[in-house]
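Asks: Predicted model follows, preceded by the sequence.
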Amino acid sequence: MTAPEGQLDQTIAARRYGPQARDMDLELRHLKTIRAIADAGSLTRAATALGLAQPALSAQLKRIERALGGPLFDRGRDGVRATALGDLVLERARVVLPAVSELQEEAVRFARTRREPRPGFRLGATHGPLLGGLVDRLMASAPGAPVTTHTSWSERELAASAAEGRLDYALIGACGESPPPEPGRLAWAEVARDPVLVMLADRHPLASRPEIDLAELAAEAWTDVPGDGCFGDCFAAACVRAGFTPASVYETDTASCVHLVQVGRAVGLCRATFPATPGLVTRPLAGTPLVWRHLLGWHPAARAAVHAPTVTAHARAAHADAVTRSAGALDPLGHNAVAGVN
């Protein structure tokens, strides 16, 4: 006599997910995996987000399901959907993961406070002249205080490091009015707001112009430094509004950008703090289609937060100095190329 179909399914599930199949302990990384699958809505997208091959993620999910005693997701052609058990686990994960993250941040801040009796400054920044100016001013104003630096192309990495207590301050940039990363965990102050300038070889046909319309550069190749903000999208949108799509954009380090412009292979995008460089001129774009905001972020509960007003003031002074020394402060033709800088 055979069992009814529903009873048979329950029997198979019991054998597959029963107590004897629980061969591992649940860890935080498993909860993060479950949450990533639910957020992505499919194993394929979740595997991409986690940097895993899909078969590896599928195998990991099966082990997690065995440990928890049942399937967490129903799989279909349209993706995955959480089961009742999956909903329960996800509800707990949404409480546990932020709590553990907050505990880790507090522990790191507490441990470093006890290890560092002297006030110090751990600074992180994207590449540019402001970091050096800020370091100089902090060392001059607080002799003996340790100052360490870290640079990265990733604004998100720097913000996360400040939020997690590995940095005291993150000096980054944001395009236009886009919000900075970690808005709920960090406090942010605007250091300055610059127009984005175009960088040309000094022999370029438009180099003698005091101002250049973006549409006049439609046939050019472009070069810019990398980043994980929205600047690339904002630049592409500005070009579309000007009536063209960039033929090519070389994303590379600052030295390579400068070289490509100097030899006439591309035109570049830069901020008002870009230092004066032989063979180059910078010019404002008509109508200021792109704006760059320099931002300073810190964790409001960190020990270093008490110095935030002072560090912000030093960063603003470093910006003013950098603009004065920049390529666009006063070019050889006597044009003011950074009009409109706040």
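Replies: That came through, no problem.
Asks: Which other helices and strands does the helix or strand containing Ala99 contact?
Replies: For Ala99, the element it lies in under DSSP states H and E is helix 84-115. With contacts defined as 3 or more C-beta pairs under 8 Å, 6 or more residues apart in numbering; DSSP states H and E, helix 84-115 has these neighbours: helix 28-40. (Glycine included, C-beta is placed from N, CA and C.)
Asks: Quick one: mean pLDDT over the helix or strand just after the helix it packs on.
Replies: Toward the C-terminus, helix 28-40 is succeeded by helix 43-50 as the next helix or strand (DSSP H and E). In this model, helix 43-50 has a mean pLDDT of 88.
Asks: Now do helix 43-50 against helix 28-40, angle only.
Replies: Inter-element angle recorded for helix 43-50 and helix 28-40: 120 degrees (by axes from the mean of the first three to the mean of the last three C-alpha atoms, to 10 degrees).
Asks: Kindly indicate whether Gly243 is helix, strand or coil.
Replies: Look at Gly243: counting by DSSP: H, G, I helix; E, B strand; the rest coil, its state is coil.
Asks: For the helix holding Ala99, list every residue counted as buried.
Replies: For helix 84-115, the neighbour count (16 or more other C-beta atoms under 10 Å) marks Leu85, Gly86, Val89, Leu90, Ala93, Glu105, Arg109, Arg112 as buried.
Asks: Check stretch 126-135 too.
Replies: Under the neighbour-count criterion of 16+ other C-beta under 10 Å, stretch 126-135 has Thr126, Gly128, Pro129, Leu130, Leu131, Gly133, Leu134, Val135 buried.
Asks: Specify which member of those residues is nearest to Ala192.
Replies: Within the buried residues of stretch 126-135, the smallest distance to Ala192 is 8.7 Å, found for Leu130 (C-beta to C-beta).
Asks: Where does that closest one fall, secondary structure wise?
Replies: Taking DSSP H and E as the criterion, Leu130 maps to helix 129-141.
Asks: So which other helices or strands are in contact with that helix?
Replies: Applying 3+ C-beta pairs under 8 Å, 6+ apart, one finds that helix 129-141 makes contact with strand 121-125, strand 147-151, strand 169-175, helix 308-325.
Asks: ok, 10 Å please
Replies: With contacts defined as 3 or more C-beta pairs under 10 Å, 6 or more residues apart in numbering; DSSP states H and E, helix 129-141 has these neighbours: strand 121-125, strand 147-151, strand 169-175, strand 187-195, strand 291-298, helix 308-325.
Asks: Cool, thanks, talk later.
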